[in-house]
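Colleague: What would the 3D arrangement of this be:
(one chain, ligands or ions: 1)
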Amino acid sequence: MSYAVLRGLGTHLPPRRVTNAELATLFDTSDEWITTRTGIKERRWVRPGQSTGDLATEAGRRALKSAGLDDGAEIGLLIVATTTPDHPCPGTAPDVAARLGLANAAAYDIAAVCSGFVYALEAVANAIEAGRVERGLVIGAETYSTILSPNDRTTSVIFGDGAGAVVLGRGAPDEPGRLLGFDLGSDGTGRDLITIPAGGSRQRSSGVAASDDDHYFTMQGKKVFAQAVHRMSESSLALLGRVGWTTDQVGHLVGHQANLRILKAVAEQLGLEPHRSVTNLDKVGNTSAASIPLALADAATAGELRTGERLLLTAFGGGLTWGSAALTWPDITPA
Ligand code: UT7
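Modeller: Numbers count the residues shown, from 1 in each chain. Below you'll find the predicted structure:
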């Protein structure tokens, strides 16, 4: 039997900081509204010409470094979770694999929106546990700034760009960093709550030309908010039951950084004190598939995570999709 263990964590944020004050010059909004409704103070946006694959490659390189590996390391499987791929076709992952010198690695993208990182983590952990690969790389990377509508102040103040990556390897059952279980789910009846209407076969085959607005990200915020709290709480509880942990045994909850009010509500539903819920969205906003590895790196760098402590990751996103993961924290330094 093989066990999947987290061996490295790397992140990359584009340098351009976009503060709430700057957004207030572009939209009818204010620092006060954004802070009280979301908890976000600033986010990063890519410069013109910079893509999701560019961010993913740098985060992947840093994750390899954190795992004591270099470009060209033996990686059997690379998955890029993203809502904002470099192109509709081909996938972003094969290009990232090539740029990292990961010769012949299986490489594909996962489109599970904000749950994508947890979905990809499960797929790579499964491949290791089944003995199909020795080592894998999971990258969550996004450039939401490229799909935000200049006419939508609500989504424009929430989302940010960034990438986070982890290396998984084969390890021992009692080793810190082990992935112990997952809970994944979806409900496609909520497909219209988060969507980019144009660009896919549904719109193309309709014979109706898409408007510029149809290419932008849309979200029905209030309905999504309620679903996010419900699904992340239920999924977390289901997973705790499956791995046999009580809430008290969880060191930290690392939830998808959607909105500070959502994170508080999920922690409350689980009976966790607020300080055990990791938050970094004040600095990066909602970075969708990149959000969990970015939050993990932030907490680890701040010294909040102890080696061996039990972590519960939980995410929710468009689809609708949701997913949770249980692991112990390894003895690694994020790069
Ligand atoms: O990452 C994947 C999943 N995503 C999420 O989980 C996000 C879930 N949703 C949310 O976080 C919240 O619903 C939002 C932050 C998107 C919106 O917050 P809300 O408290 O649900 O606000 P709302 O959409 O109900 O809007 C309340 C008011 C409205 O004005 P009226 O109708 O009450 O006069 C909006 O027009 O706030 C107004 N508003 C704004 N005002 C200033 C909406 N956006 C803004 C803005 N600045 N940026």
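
Colleague: Quick one: distance of stretch 275-286 to the chain centre.
Modeller: 13 Å (CA atoms, centre = their mean, to the nearest Å).

Colleague: And the ligand, is that stretch touching that?
Modeller: Yes - Stretch 275-286 reaches the ligand (CB under 6 Å from any ligand atom) through residue 286. In this view, the C-beta of every residue, glycine as well, is placed from N, C-alpha and C.

Colleague: Which residues belonging to that stretch are considered buried?
Modeller: 277-281, 283-286 (16 or more other CB atoms under 10 Å).

Colleague: Equivalent analysis for stretch 197-204, please.
Modeller: Buried residues in stretch 197-204, counted by 16+ other CB under 10 Å: 197-198, 203.

Colleague: re the thing from before, could I get the buried residues of stretch 275-286 as a markdown table with pLDDT?
Modeller: Shown next, in a markdown table, are those (pLDDT from 0 to 100):
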| residue | pLDDT |
| --- | --- |
| 277 | 98 |
| 278 | 98 |
| 279 | 98 |
| 280 | 98 |
| 281 | 97 |
| 283 | 98 |
| 284 | 98 |
| 285 | 98 |
| 286 | 98 |
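
Colleague: if we can go back for a sec, between the buried residues of stretch 197-204, which is nearest residue 224?
Modeller: Distance ranking of the buried residues of stretch 197-204 against residue 224, using CB to CB, places residue 197 first at 16.1 Å.

Colleague: sec struct for the closest residue to that closest one other than its chain neighbours, please.
Modeller: Of all residues not flanking residue 197 in the chain, residue 214 sits nearest, at 4.3 Å (CB to CB, 6 or more residues apart in numbering). Following DSSP: H, G, I helix; E, B strand; the rest coil, the label given to residue 214 is helix.

Colleague: can you list the buried residues of stretch 197-204 in CSV and add distance to the ligand and pLDDT?
Modeller: Putting these into CSV (distance: CB to the nearest ligand atom, whole Å; pLDDT from 0 to 100) gives the following:
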residue, distance to the ligand, pLDDT
197, 17, 96
198, 20, 96
203, 22, 94
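
Colleague: any idea which element residue 58 lies in?
Modeller: helix 52-66 (DSSP states H and E).

Colleague: Looking at the buried residues of stretch 275-286, spot the one nearest residue 233.
Modeller: Residue 233 has its nearest neighbour among the buried residues of stretch 275-286 in residue 277, at 12.0 Å by CB to CB.

Colleague: I'd guessed that closest one sits against residue 269; true?
Modeller: No - using CB atoms under 8 Å, residue 277 is not in contact with residue 269; the gap is 11.2 Å.

Colleague: Mutual contacts of the two, please.
Modeller: Overlap of the contact sets of residue 277 and residue 269 (by CB atoms under 8 Å, 6 or more residues apart in numbering) is empty.

Colleague: what's the spacing between stretch 275-291 and its chain's center?
Modeller: How far stretch 275-291 lies from its chain's middle: 9 Å, per CA atoms, centre = their mean.

Colleague: err, stretch 308-327, not the other one
Modeller: 9 Å.

Colleague: What residues sit buried inside that stretch?
Modeller: Those would be 310-327, for stretch 308-327 by 16+ other CB under 10 Å.

Colleague: one step back: list just the nearest of the buried residues of stretch 275-286 to the ligand.
Modeller: Minimum distance to the ligand across the buried residues of stretch 275-286 is 4.9 Å, recorded for residue 286 (CB to the nearest ligand atom).

Colleague: mind listing what that closest one touches?
Modeller: When contacts are counted by CB under 8 Å, 6+ apart, residue 286 touches 38, 40, 114, 144, 158-160, 256-259.

Colleague: If we use 6 Å, what do you get?
Modeller: By CB atoms under 6 Å, 6 or more residues apart in numbering, residue 286 lies in contact with 158-159, 257-258.

Colleague: what's the helix or strand for residue 224?
Modeller: helix 221-243.
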